[in-house]
Structures are given as C-alpha cells and as structure tokens.
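Engineer: After the sequence you'll find the predicted model.
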Amino acid sequence: MLQKLLISSLVLLFALPAFALDGPALLKQVDRNLNPESYEMYRKLINVEPDGKKKEFTLFSVKKGADKVAALFLAPASEKGRSTLRLGDNMWLYIPGVGKPIRITSLQSVVGGVFNNADILNLDYSTEYDVKSITDKDGGYLLHLKAKTREVAYDQLRMQVDRNRKVPIRIECLTEAGMLIKTLYFKDTKEFGGGLVRPSVVETDSPLYKGYRSIMIYAKIRKRTFKDEVFTLTHMPNIDSLR
Amino acid sequence: MKPAQPGTPDWHSRGSLRRNGGRPCLAGALLLWVLLTLAPAARAADESYSFDLSEIEKKSWHIGGYAEVRPVRYRLNPDGAFYKLRFYNRHEGDAVDEFNGRLQLEGSYEKGIARLYMRTNTDYRRSYTGETEKTSIYEGYGSLRPSASFKIDAGKKNLKWGKGYAWNPAAFLDRPKDPDDPELPMEGYIVLTADWIRSFDGPLKTVSFSPVVLPVYDHVNDEFGAADRINVAGKLYLLLYDTDIDLMVLADGSRTTRFGFDFSRNWTSNFEIHGEFAWIRDQAKTRIDAAGSAETERYDAFSGLIGLRYLTTRDTTIIAEYYHSGTGYTAEEMKGFYAFVNRGWRTYLAGGGDGILQRALLTADGTYGRLNPMRDYLYLRITQKEPFDILYFTPALTVMANLNDGGYTVSPEAVYTRITNLELRLKASFLYGGPDSEFGEKQNRWRIEFRAGYSF
C-alpha cells in the first residue's frame, strides 16, 4: 500500500510540471485572463513621435466569440463615427458621410502609428496561433507561437508570460524569417471588475519605426454578449447604439 | 521609416524595411549625447498615461461639423467647345479665380431605440459669375432600431450602393459622385428604408435585405426623375465565401427598371478586387447632330466596372478601375454635339445671335455636359504614404483616361495632416486631349486648388 502511494505520488510529482507546461492550455488561459471571450471595452491610442508630439484616438470596441470584433472611433473629431469590423480574416472600414464600408487588411493601420489593424481588432491569440514550444524562463514562461494561416499579421510571436497572473509581459512579433517587427510591452496591471485583473497599458515600439512609440490604454472592459448581427457590414454605421 | 499615419480608404502597412540613415558628425554626435542624456528623464515623464473616463461618457446628443476654404485657379481653354458655350459673351482673360467655402454641421439625438440625425451643407462661391451661397440638408432622418437585426429609417439619406471607387453604375438611388473627388459627401434623397440582417455559421456568414421607397413629387426628390411616382427598390447583401456580394433592383417608376450586381473580395491580404454591374431597361439617350436635329433612342444599357486595390510593402496604394458606361455617348455622337456648338459659335461671331449656343447649353445639361459622358474610362490612383520620411505627408497621382477618344487627365496632389482635425491639400489637374475629345473640349486646360478643412 505504502509502495503504491509512493509511486502515485512520484507520478503526480512529475505530471504537475508537465501540466503546467501545456502550451495550448496556457495560451487559452492567457487569452481569458486578458479579456472575456465576448466583451465591450474602451481604449485610448496614443502615437508618440520622436520629438514627443502625440496624436490620440479613443475607441469603443466589442467582441464576440473567436472571430468577431468591431471598433468605433469616438475621438478626435476628424475620426469620430468611423468604425472597423473584423470577421475572421475579413476587415472593413466605414467612414460616415463618405461612402460604404470598404475592405482593408490586417497590415494597414486606420490610426497610424506602430499599431496596425490586427493589433486594434485583435482576436484571441489561441485563435490565430499554435504553440510551437514552451519553456520555463526567468520566473515565467516563454511561448513560441506560429501563425495558423498566412493571413495572420505576424508569422511568429515570442510571448513572455507572468507565471502567477498568466498574462503577457512582453510579446515580440516576428516575420517568417525571424526578423523583429515590433515589441509589445504589457504594463500597469489593475482590476477591471468581474474578477478581471490584467495590464491596463500596452506599449509598442518597432525597429522599423525608430524613435516612435504607440500606447494603448484600456478602460471599462466588461463581459457582454451581442447578437451576431452586430458584426455585419449593414450594422457598421450603428455601433454607437451599443454604448 | 516613420509609422503610418491615419488614413482612410488608402492602405498603409506596417512598412517596408527602409531605415533612417545619416552620416555622423561632431555636432550630430554632441546633439545625440545631449538627447540621450535628457531622453530618460523626458521618457520617464511620459510614462504615466491618463484616460479620463469622462471622455467616453455617452451623451444623448452630439453636435459637430466641418469647415473648409478652397481657392481655385483655372487656366481657360479658348478652343474648347465648353469654353465657347460658357464664355462666348465674356472676356475673362487667360485664367479665372474662384473662392469656395464650405460649412457642414451635423447633430444627432438618441433616446432608447430612436435616433434623429441631421447634416447640413452650406456652399459659398465667389467667382467670375458673382457670389452664390446655397444651404441644403444633405441628410436628415429618424431611425428606429428595435433590435440589432432590424432598423427602419425615414428621411433624407445617402444609401451608397456599389463597390466602385471612382464610379458607381449600380448606385441607382444616389446622386452621381465626382470621379475627380469621389470621397466628397453628397446630398441624399428622401426615402423610407429598412435593414434586416441575419448572421450564420458556414460559408454564408451574413444576409441582409434593405428595401427602399423613394417618392417623387413636387419639391420632394423632384431631381430624381418623373414626378408623382412612388419608386420601389431593394438591395440584398451576402457575405459568401469571404466575398461581399450585393444584388440590387429599382422597379419602373420615375426611372426605368434597372438591376445591379456588385462584389468585393480580398484576393490576398494586400490585394482587393471588386466589380459592379448594372443593366438598365429602356434607357433613353438624346443625341443632337451638327445641324441641331435631336433624336431620342431607347435601348437596354449595360454598364460595368472592374477594379482592384493593391498595397505594396513600401506603403504605396494603387487603385485601378475600368468603367464601361452603357448610357454614355460614342466618340461620333460627341463629335456631332461639338460641331453643333462650333456652328453656334461661328453664328454668334458673325452677328447671328446666341440662339444656337443657348440651345446647345440647354442640351448639354445632364447629357453631354455631365461628368464622364462617354463610354469607356480607365482610372488609376497611386498614393504614397510619407515618402522621404516626411511625416503626415501623403502625395498622390491620379490619371483618368478616356479610352474612346484618347484624352486624359493627370492630377497630382499632396495632403498634410500634422495638426489634429486639420487637413491641408494642394491639388492640380491637367487636361490633355485633341479636338473633339472630351478633355480637349473642356473649358479649362488646367486648374490648381488649395483646400484647408477642419473637423470639429
């Protein structure tokens, strides 16, 4: 009996680290720790130039399930009322008073700066990436992620994850050849309500944009469900009605 | 390389691999040392970011607007038929100047499922013909939205059908847009319309249906067509296999029956293709020959557009479209009109009065004198984001060619958006074409304009 207990304990002891280093499970947990699967939230985007000059944008965003995201610009006045929609790999931009929604791509940036559309209309990491490897490093985890399709904006990610909170601390975005495109820094962890504790600021810089930085500040992240019809071209002019 | 700046329909990517370069010198090294010494302090001061939640508080009402000034200089073309029509009794010299001002005010009020929206437009113009000012309601409608999948609108509204950038042959219920400035806001029509939306899983992701009723009476949409008619139209939208597809119809009423189809799809992540087609039943076309004999032909017309939008790794956006207008005039038909104008011109010079020119002017309105009155056009627009590392600077070049007579226009422009909410644009247009060609017979040879627009 004692022998069986000893063997079971040893098996459990070795199994625990293996569970802890289950990359796909950890990535899903990171996703859920960043935001609920369906939510609404507000963000401020700040583009900072090398001379310190700033341009700011305020957005209201909604997301449902794995692949539906929409965002509405609230400020500045020149952008107010613009909305963007993402359904899987499809993205559109609507400009009130000018025209109908037009197709855009993940590589563009409707706000300029270092953040592109994929950063602004981001899906869960586990939706777009497979975990290629996971290592225990510097008191946290280092995940190597590979894009599931060629439509994803960054071919590879190197994600450094906080061991306790299971949220990203830093993400390096790489091309297929391994060239660094940008680095995202997750900062200022705070409580958003509903048990959500996550970084409230994401800052990014890029070797391609030397001296420039873009910052995204999060507020009022709240779990919320929406009808699928909210995420359609026809509904794009009406996203403000969800606030 | 600088980051992409806010853009609208033009695409810009995460950028190419260009990097800033420079040859260090002593002064530069000293400056760099000073900057590096001061940088940590400056950066540390920037590290705390504020997000005032009062900024995102939703109000039940909103008021905003847009104001612009736009001076223009036109170089006249004394050989052009349209110069002879409009300047036969004027002596304005080689060039004329024009000053344009525009003020757009918009406001909305929302309560529960109801929303009221209005946008007014005031245009002021001072030109060789004098001063004019016109204020109109571009859009003004009420909406009821009982759910996310159903909405009903009543009032003046733009419907914006079609996928084309420069032309929209299937926009049966919109005013024609100006291919020279296709993103300008336009005046809508008074309509009763609804949107019904359903979403699905699988290849067919979205279906929406938008029926429209557009009445035409005295002082109600009377520019649309024959009066005392209730026009019925509809659009069915599908997102099928990641392709946007629209099917449109306008039933016989103030205008003849017409059917439309359009599509748009991202072929790759930086390459979009689109198309738009219209079949117009019993289209009427009035022709006039050199002798002044007018005749009206009725036929079924087919118009179509095929286009692409391509984004390069160097932040260059290319938009190209081919447009065939089945309602347009052939080169021979245009020649007949120009010959009629020239006959009127000669008669006027010989002291025979301006009767022929006045008749030609009336005939030209909405026919030979409309935007792009002929059959086949090619449109090419190339936009470069921030070349030479000049931040907020976006130059573009637009070429439009008339494939029927060989004429074309070349329009370089530059946009600067450094100051939030302020857009500065300098644009020129040069017209090339021989005798009896569309652009060769225009009243101008070239024009240059400056536009300063401020959103508030």
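Structural biologist: Everything's here; your move.

Engineer: CA only for contacts and neighbour counts going forward, please
Structural biologist: OK.

Engineer: beta partners for the closest residue to residue B:154 other than its chain neighbours?
Structural biologist: Computed as CA to CA, 6 or more residues apart in numbering or on different chains, the closest residue to residue B:154 that is not its neighbour in sequence is residue B:192, at 4.5 Å. Beta-bridge pairing for residue B:192 (DSSP bridges): residue B:154, residue B:213.

Engineer: Check residue B:237 too.
Structural biologist: Beta-bridge partners recorded for residue B:237 (DSSP bridges): residue B:208, residue B:246.

Engineer: What is the neighbour count of the residue of chain A found nearest chain B?
Structural biologist: Nearest residue of chain A to chain B, counting by CA to the nearest CA: residue A:112, 3.6 Å away. Counted with other CA atoms under 10 Å in any protein chain shown, the neighbours of residue A:112 add up to 24.

Engineer: from the chain's centre, how far out does the lengthiest strand in chain A sit?
Structural biologist: Using DSSP state E, we find that the single longest strand of chain A is strand A:180-193. Distance of strand A:180-193 from the chain centroid (CA atoms, centre = their mean, to the nearest Å) equals 9 Å.

Engineer: ditto for stretch B:90-106
Structural biologist: Averaging C-alpha positions (CA atoms, centre = their mean) puts stretch B:90-106 19 Å from its chain's average.

Engineer: three-state assignment of the residue sitting nearest the centre point of chain A?
Structural biologist: Closest to where the C-alpha atoms of chain A average out (CA atoms, centre = their mean) is residue A:122, at 4.6 Å. Three-state call for residue A:122 (DSSP: H, G, I helix; E, B strand; the rest coil): coil.

Engineer: Quick check: chain neighbours aside, which residue is closest to it?
Structural biologist: Of all residues not flanking residue A:122 in the chain, residue A:69 sits nearest, at 7.6 Å (CA to CA, 6+ apart).

Engineer: quick one: the one you found from residue A:86, how far?
Structural biologist: 5 Å (CA to CA, to the nearest Å).

Engineer: What of residue A:153?
Structural biologist: As judged by CA to CA, residue A:153 and residue A:86 stand 13 Å apart.

Engineer: For the two, work out which one has more neighbours and name it.
Structural biologist: Using other CA under 10 Å, the more surrounded residue of residue A:153 and residue A:86 is residue A:86, with 27 against 23.

Engineer: what's downstream of the helix or strand containing that one, the next helix or strand?
Structural biologist: Using DSSP states H and E, residue A:86 sits in strand A:83-87. Next in sequence after strand A:83-87, counting helices and strands by DSSP H and E, comes strand A:90-94.

Engineer: which residues sit against that following strand?
Structural biologist: A:82-86, A:100-106, A:233, A:236-237, B:8-9, B:242, B:266 (CA atoms under 8 Å, 6 or more residues apart in numbering or on different chains).

Engineer: at 10 Å what do you get?
Structural biologist: Strand A:90-94 is contacted by residues A:67-72, A:81-86, A:99-106, A:110, A:117-118, A:121, A:151, A:232-233, A:236-237, B:8-9, B:242-244, B:265-266, B:269 when judged by CA atoms under 10 Å, 6 or more residues apart in numbering or on different chains.

Engineer: and the residue nearest to residue B:154, how far is that from chain A?
Structural biologist: 16 Å (CA to the nearest CA, to the nearest Å).

Engineer: number of nearby residues for that residue?
Structural biologist: Residue B:192: 19 surrounding residues under other CA under 10 Å.

Engineer: so it sits right up against residue B:212, yeah?
Structural biologist: Yes. In this structure, residue B:192 is within contact of residue B:212 by CA atoms under 10 Å, at 5.8 Å.

Engineer: Overlap of the contact sets of those two?
Structural biologist: The contact sets of residue B:192 and residue B:212 overlap at B:152-154, B:232 (CA under 10 Å, 6+ apart).
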